[in-house]
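Chemist: Build me a structure from this.
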Amino acid sequence: MTEPGDSTGSTRRLPTVEQHDGDARPAGSGADPADRQPVPTLEQGDGGPAGRFWSARRVPAALLALVVLGAAGLLLYDVAAVRADHPAMRWRRSLADGLAERSLDDVLVIVGAAVAVALGLWLLLLALTPGLRDLLPMRRERAGVRAGLERTAAAMVLRDRAVEVPGVQSVRVRMGRRRARVRALSHFRELDDVTKDLNAVLETAVRELGVAKPPRLSVQVHRPAKKG
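Modeler: Predicted coordinates:
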């Protein structure tokens, strides 16, 4: 390299860093791979310790909170008004009079109680069940990592694999949480041969989905309906 202030055109060799064979590392490799902590894994059997995903259910929770807040606010306002020597609201007087006059076997009382019980059971069901039925939990192979596969995506994968089988004209797949129902139309080859090949291909495809609980296969092959 020519020095800016040197008119003789002499060059100077740039300093180099010698590297021993034992210290050679690829550029950008960072720390020694031997010093890195291993990725924590999970010991798993068939399917692995993966549970279903829980739904947040924000809409039912928000609606219930608004109803309770509105009813509690209205009732507290009416109680405060009565304490301040104001008459109670008409709706509360009518409700109190109606409950005092009607018997327990009245139709309106029974209907109201049934509606209240149904709403309570519905809320308990939402609170005790995970929801998100369209999301299939996948096997867990890393600690702290959870993944899920939508049933529509899993059905699309099985359908794409099924149409590759010779003799299959069209396929319909209905993916459930426990069973995958496959209905195929075959326009040539023997139906038994097509069914055997479909079962083999789809069993492999189901294993490759990586879901924690692989669904059972139900395969049916038919001939297309004759026109005219």
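Chemist: Contacts for the worst-scoring helix or strand of the chain on mean pLDDT, please.
Modeler: Within the chain, confidence by mean pLDDT, DSSP states H and E is lowest for helix 90-101 among all helices and strands, at a mean of 81. Here helix 90-101 makes contact (Cβ atoms under 8 Å, 6 or more residues apart in numbering) with 75, 78. (C-beta placed from N, C-alpha, C; glycine too.)
Chemist: quick check: angle from the next helix or strand after it to helix 90-101?
Modeler: Using DSSP states H and E, the helix or strand that follows helix 90-101 towards the C-terminus is helix 107-128. Angle, helix 107-128 to helix 90-101, by axes from the mean of the first three to the mean of the last three Cα atoms, to 10 degrees: 110 degrees.
Chemist: Across the sheet, point out what pairs with the residue nearest the centre of the chain.
Modeler: Residue closest to the average C-alpha location in the chain (Cα atoms, centre = their mean): Leu135, at 3.3 Å. Going by DSSP bridges, Leu135 is paired in beta bridges with Glu150.
Chemist: which other helices and strands contact the host helix or strand of Arg207?
Modeler: Element membership of Arg207, judged by DSSP H and E, is helix 191-209. Packing partners of helix 191-209 (3 or more Cβ pairs under 8 Å, 6 or more residues apart in numbering; DSSP states H and E): helix 151-162, strand 179-186, strand 216-222.
Chemist: if we can go back for a sec, wait, the residue nearest to the centre of the chain touches Ala147, no?
Modeler: No - at 9.8 Å, Leu135 and Ala147 do not qualify as touching, with contact defined as Cβ atoms under 8 Å.
Chemist: So what are the structural domains in the chain, by residue number?
Modeler: Per automatic domain parsing, the structural domains of the chain span 58-128, 148-222.
Chemist: end to end, how far does the first one reach?
Modeler: Read that as domain 58-128. End-to-end span of domain 58-128 (Cα to Cα, to the nearest Å): 15 Å.
Chemist: name the helices or strands packed onto the longest helix anywhere in the chain?
Modeler: The residue-count maximum for a helix in the chain (DSSP state H) belongs to helix 58-83. Judged by 3+ Cβ pairs under 8 Å, 6+ apart, helix 58-83 is in contact with helix 107-128.
Chemist: Now do the helix it packs on and helix 58-83, the angle between them.
Modeler: Using the same axes, to 10 degrees: helix 107-128 against helix 58-83 is 130 degrees.
Chemist: Cool, thanks, talk later.
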